[in-house]
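Trainee: Kindly generate the corresponding structure for this input.
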Amino acid sequence: MKKTITDRSAPQAFAAERLMEHIRHLSVIIGPRRPASMAERAAAEYIHETVRPLGEQWELINQPFQSVRGFRYRIAPLALFTGLLLLLGLRKDRESQLVSGLLSVGLSVMSRDAFLARPSVWETWMPRGESENVVVRIPPRRPARRRIVFLAHVDSGVHRLTTSSAVVRYLPRTLGGITLMGLVGGVLTMLAGRQERWKPLRATVGVSALGAALLAMVDESGPDVAGANGNASGVAVLLALAEALYRRPLESTEVVLAFTGSGTATSTGADVLATEFGQAWSDALWIVVDSVGTGELCWATRHGISPYAYYHPHPEAVQVMECVAQARPDLGLMGKPMLTLDEVVILRDRDLRAVALMGYDRVTGLIPNWRQSGDTIHAIDPATVERAAEAAWTAALVVDRADNWPLCR
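Mentor: Sure, this is the predicted structure:
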């Protein structure tokens, strides 16, 4: 018999005023929290101070690690190497053409991994800073038979030209162009021969690739973003869950709250988390909570910022979100494809049951103020954050009260 999963008596922790306190502290008092910065570590300390008094029996884990400080360290070298190889391939000798063309094609293949937030070879040579994850394990009343992991990145990014409202829709074409430049330019270079066929076109492609590298650097040279929506809102939801679980633990499901670092750089914190715990927690449900501070709520049915590098949530994780939507139609939760690059890609790469809970603008269908200077507390809708917290809480109840998969059939 199907068990009820509706719980409309949301704990006091989910009150909009309480959630806004967390968002205000992170985005206003601490302010912008660049990856691997002192402000990011201050946010981690705030999480410690908030969670530590709640549960003496809770396990609090620190995961220090090193991370690059921006996505440019992945994209710019890719475009730079492609451009240099294509210009080197303008020489007449066949050896240069073949080697340059082959390597350029190889880089175009590697670009798919770059747009899926997977580490690139050259990142080990890039400057890094200190970051950390804060992981909280909350036991149930009875012996645990299930586990659910909620994940939210602590850091905020910088104002980007490519994610402005006038340009962001063209982002997949821009990034897809880097892949095509490497592929087409490389093939033409290998076929050029001593007659130097298509030389003007190959030169144009090579120079364009160098321009893309410059754009990648300029794109992250903007001012710091307060990150109220992305992602103080997600952190606030997880802190609210901690307070709710302190007052009302689940019956037989362990809840893990993972506050990860360097999410806006290359999702390094999620990678470190999954590397250490992914195998042990392979049977868990993983929910990434990101940018839930304004707009409507959804679970992302397709993610990606390049037309050649999309990824999808786990079907069983989607079942849980469908159960939440059934149990709480008042939350307005639905599935929707999103233009985003988030931690789900790291988790799905390890075949974990992962899905993202996100907010979107009803008119544009995009994340509101994504990596924009307008991402301040003044743009936050308290009602949306409250609904996000209740959606996360309902997902925990779905997992806790289910007999088996699929959970709400």
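Trainee: Would you agree residue 136 falls within a helix?
Mentor: No - counting by DSSP: H, G, I helix; E, B strand; the rest coil, residue 136 falls outside a helix, being strand.
Trainee: Just give the nearest non-adjacent residue to it, would you?
Mentor: residue 257 (4.3 Å; C-beta to C-beta, 6 or more residues apart in numbering). Where C-beta positions appear, they are placed from N, C-alpha and C, glycine not excepted.
Trainee: Let me know the pLDDT of the one you found.
Mentor: Note on residue 257: pLDDT of 98.
Trainee: for the helix or strand harbouring it, packing partners?
Mentor: In this assignment (DSSP states H and E), residue 257 forms part of strand 253-260. Strand 253-260 is packed against helix 38-51, strand 129-138, strand 146-153, helix 233-247, helix 268-277, helix 382-401, with contacts defined by 3 or more C-beta pairs under 8 Å, 6 or more residues apart in numbering; DSSP states H and E.
Trainee: what angle separates the last one from strand 129-138?
Mentor: Between the axis of helix 382-401 and that of strand 129-138 there is an angle of 60 degrees, by axes from the mean of the first three to the mean of the last three C-alpha atoms, to 10 degrees.
Trainee: And for the fifth one?
Mentor: Here helix 268-277 points in a direction 50 degrees away from that of strand 129-138 (the same axes, to 10 degrees).
Trainee: any idea which helix or strand comes after the helix or strand residue 184 falls within?
Mentor: Element membership for residue 184 (DSSP H and E) is helix 171-191. Counting by DSSP H and E, the next helix or strand C-terminal to helix 171-191 is helix 199-219.
Trainee: Just the CA atoms of stretch 237-248, as PDB, please.
Mentor: Taking C-alpha atoms only, stretch 237-248 is exported to PDB below (Å, rounded to 0.1, in the frame of the first residue of the first chain):
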ATOM      1  CA  VAL A 237      18.000  25.500   2.100                       C
ATOM      2  CA  LEU A 238      20.500  23.000   3.400                       C
ATOM      3  CA  LEU A 239      21.000  24.900   6.600                       C
ATOM      4  CA  ALA A 240      17.200  24.900   7.000                       C
ATOM      5  CA  LEU A 241      17.200  21.200   6.500                       C
ATOM      6  CA  ALA A 242      19.700  20.800   9.200                       C
ATOM      7  CA  GLU A 243      17.600  22.700  11.700                       C
ATOM      8  CA  ALA A 244      14.400  20.800  10.600                       C
ATOM      9  CA  LEU A 245      16.200  17.400  11.000                       C
ATOM     10  CA  TYR A 246      17.400  18.500  14.500                       C
ATOM     11  CA  ARG A 247      13.800  18.900  15.600                       C
ATOM     12  CA  ARG A 248      12.300  16.100  13.500                       C
END
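Trainee: Now the phi/psi pair for the residue nearest to the spatial centre of the chain, please.
Mentor: Central residue of the chain (C-alpha atoms, centre = their mean): residue 342, 1.8 Å from the mean position. Phi and psi for residue 342, reported as degrees, to the nearest 10, are phi -140, psi -170.
Trainee: residue contacts, it?
Mentor: Residues in contact with residue 342 (C-beta atoms under 8 Å, 6 or more residues apart in numbering) are 263, 267, 288, 290, 300, 303, 356, 358.
Trainee: Neighbours of the first one, how many?
Mentor: It stands for residue 263. Residue 263 has 32 neighbours, counted by other C-beta atoms under 10 Å.
Trainee: if I pick residue 185, what's in contact with it?
Mentor: The contact partners of residue 185, by C-beta under 8 Å, 6+ apart, come to 82, 86, 89, 101, 104, 202, 205-206, 209.
Trainee: about what we covered before: out of the helices and strands packed on strand 253-260, which comes closest to residue 20?
Mentor: Closest approach to residue 20 among these (C-beta to C-beta): helix 382-401, 5.4 Å.
Trainee: Please enumerate the helices of the stretch 301-409 of the chain.
Mentor: 315-327, 344-349, 382-401 (DSSP state H, counting those that start in this stretch).
Trainee: Pipe those into JSON lines and attach mean pLDDT and distance to residue 50 per row.
Mentor: Listed next are the helices of the stretch 301-409 of the chain as JSON lines, based on pLDDT from 0 to 100; distance: least, C-beta to C-beta, whole Å:
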{"stretch": "helix 315-327", "mean pLDDT": "96", "distance to residue 50": "25"}
{"stretch": "helix 344-349", "mean pLDDT": "94", "distance to residue 50": "25"}
{"stretch": "helix 382-401", "mean pLDDT": "96", "distance to residue 50": "15"}
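Trainee: which other helices and strands contact the strand or helix carrying residue 106?
Mentor: For residue 106, the element it lies in under DSSP H and E is helix 94-114. In terms of contacts (3+ C-beta pairs under 8 Å, 6+ apart), helix 94-114 is packed against helix 72-88, helix 171-191.
Trainee: If you average pLDDT over each of these, which is lowest?
Mentor: Across those, helix 171-191 has the smallest mean pLDDT, namely a mean of 83.
Trainee: got the angle between that helix and helix 72-88?
Mentor: Going by the same axes, to 10 degrees, helix 171-191 makes 30 degrees with helix 72-88.
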